[in-house]
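Novice: using only what follows, build the 3D model:
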Amino acid sequence: MKFKKGDRVEAIWRSVLYRGVVEKVVEATDELEVKLDKRPAIDYLFKQNQVSKVELVKVPQFAADWIEYCEKYYWELSKALRPTYEDNCMPKEVMDWFEDCRENQELFARAWLDGYEVEQEPLYYIKVIDSYFGYINLNLKTGAYTTSTNEEPVGFKTKFTEKEIKKLDGRYWAFKVPNEIEVIGNIYKNPELLEVSE
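Specialist: Numbering: from 1, shown residues only. From the prediction side, this is the model:
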């Protein structure tokens, strides 16, 4: 397994499992210098086969934004999880996500403690006219919307998230075309659905 500086790892030291961060990779001796999340916070040397990477959890963008907000104001995890904390301005989206299922609170806690990756929202084209030039394009300089191809020329945006589409006009959601589908003329070609003949 390849490690690099900044990777979150787990290692057993004196019969206890610890997590830490790779500070340095020593290629010549196949060792890692790891700063364990323990007191005193000093660096320990491990053979690469003695540690394993910590898999980062994936959270929605709004949860990542909430973590950043809470850390900016030096809140503890317990305060970040409580919508009733003092003048808590927890977004409704986060509250709903926490209330949706208990596992989301645990996922949030793991993200807070171990780090996280942000889930990539699916992107869609908006095809409003049955034509090669029937896709909504956003001019990034002027903010104006026009129709053209789904190819993304410099200065234009043709792929949008669900939230962006519904904010533009909720009726456009009915005209979404998944980004994974390649459009050739007026024929949709999904690479996952194509059969390969030998």
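
Novice: residue ranges with poor pLDDT in this structure?
Specialist: For the chain, residues meeting the criterion pLDDT under 70 lie at 1, 39-40, 84-88, 180-198.

Novice: ok, what's across the strand from Y18?
Specialist: Beta bridges link Y18 to A11, judged by DSSP bridges.

Novice: what sits against it?
Specialist: Residues near Y18 by Cβ atoms under 8 Å, 6 or more residues apart in numbering: E10, A11, I12, L36, D37, K38. Placement of C-beta: from N, CA and C, glycine included.

Novice: try 10 Å
Specialist: V9, E10, A11, I12, V34, L36, D37, K38, Y44, V51 (Cβ atoms under 10 Å, 6 or more residues apart in numbering).

Novice: could you measure from the fourth one over to F156?
Specialist: Shown here: I12 relative to F156, a distance of 53 Å by Cβ to Cβ, to the nearest Å.

Novice: the nearest residue to K5 once chain neighbours are set aside: neighbour count?
Specialist: Nearest residue to K5, sequence neighbours excluded (Cβ to Cβ, 6 or more residues apart in numbering): V22, at 5.6 Å. Per other Cβ atoms under 10 Å, the neighbour tally for V22 reads 21.

Novice: pretty sure V22 is touching F46, no?
Specialist: Yes. Using Cβ atoms under 10 Å, V22 is in contact with F46, at 9.5 Å.

Novice: need the residues touching each of these two.
Specialist: If you check V22 and F46 against Cβ under 10 Å, 6+ apart, the residues they both contact are V9, L32, E33, V34.

Novice: packing partners for the helix or strand hosting the last one?
Specialist: Read it as V34. Secondary structure from DSSP states H and E places V34 in strand 31-36. Packing contacts for strand 31-36, counted by 3 or more Cβ pairs under 10 Å, 6 or more residues apart in numbering; DSSP states H and E, involve strand 8-13, strand 16-26, strand 43-47, strand 51-53.
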